[in-house]
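**Student:** Predicted model and sequence below, questions to follow.
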Amino acid sequence: MSNSILNQNLGDNNPISSLSFYWLSTFKDNSIINQFDDNGIEHKFQEVKDKFDKLKYFILYNRYNRGERFIVDLENGYIFTDRAIKYDEDNEIKKNNIRLIFTRRHRSTMNENFKEINHEIIYILGYQYTDEQDKNHKIILRIDQYGNFSIGN
């Protein structure tokens, strides 16, 4: 995606222009919803939420380097970068009702004149599922704007 499209349509003061990562969703019927289409028009995340039951993969990719990405496999319950990210030793647990977790957290630091001097974005990405005993589990990555991540639950 060209940065000129984003700057033209969103402007430099728009919070979207500060995003390092964009999302892309693929569904079981092979349809795709990209956060930004080829014309730079943004698709709302609500479009993905409306089709959660058909969601196959959710991909968070670096807008400057599309090769840097985090992929949530919602059919099998895995998260990948360039390899599978394993959270626990027992990845062979039967995972039922696998659901996406995705949000962004913005933190701004202001000076005494209430002018923003720093803006950080943390991407929260993962999934939750129930095991055979109906116990809920969550696997969550916290990803900073540079692509560094930590794994938690």
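**Tutor:** Received the coordinates, thanks. Small disclaimer: the values here were computed from a predicted structure and weren't measured. Numbering: from 1, shown residues only.
**Student:** Show me what stretch 115-128 is in contact with.
**Tutor:** Contacts of stretch 115-128 with the rest of the structure, by CB atoms under 8 Å, 6 or more residues apart in numbering, involve 18-21, 58, 60, 70, 72, 74, 77, 79, 98-111, 136-145. In this view, the C-beta of every residue, glycine as well, is placed from N, C-alpha and C.
**Student:** does the most centrally placed residue in the chain have beta-bridge partners, and which?
**Tutor:** In the chain, the C-alpha nearest the mean C-alpha coordinate belongs to residue 60, at 4.3 Å (CA atoms, centre = their mean). Note on residue 60: beta-bridge partners residue 23, residue 70, judged by DSSP bridges.
**Student:** Next up, the contacts around the residue nearest to residue 51 when sequence neighbours are not counted.
**Tutor:** Excluding its sequence neighbours, the residue lying closest to residue 51 (CB to CB, 6 or more residues apart in numbering) is residue 27, at 6.0 Å. With contacts defined as CB under 8 Å, 6+ apart, residue 27 is in contact with 33, 51, 54-56.
**Student:** what's the answer for residue 45, then?
**Tutor:** Taking CB under 8 Å, 6+ apart as the definition, contacts of residue 45 comprise 23, 35, 102.
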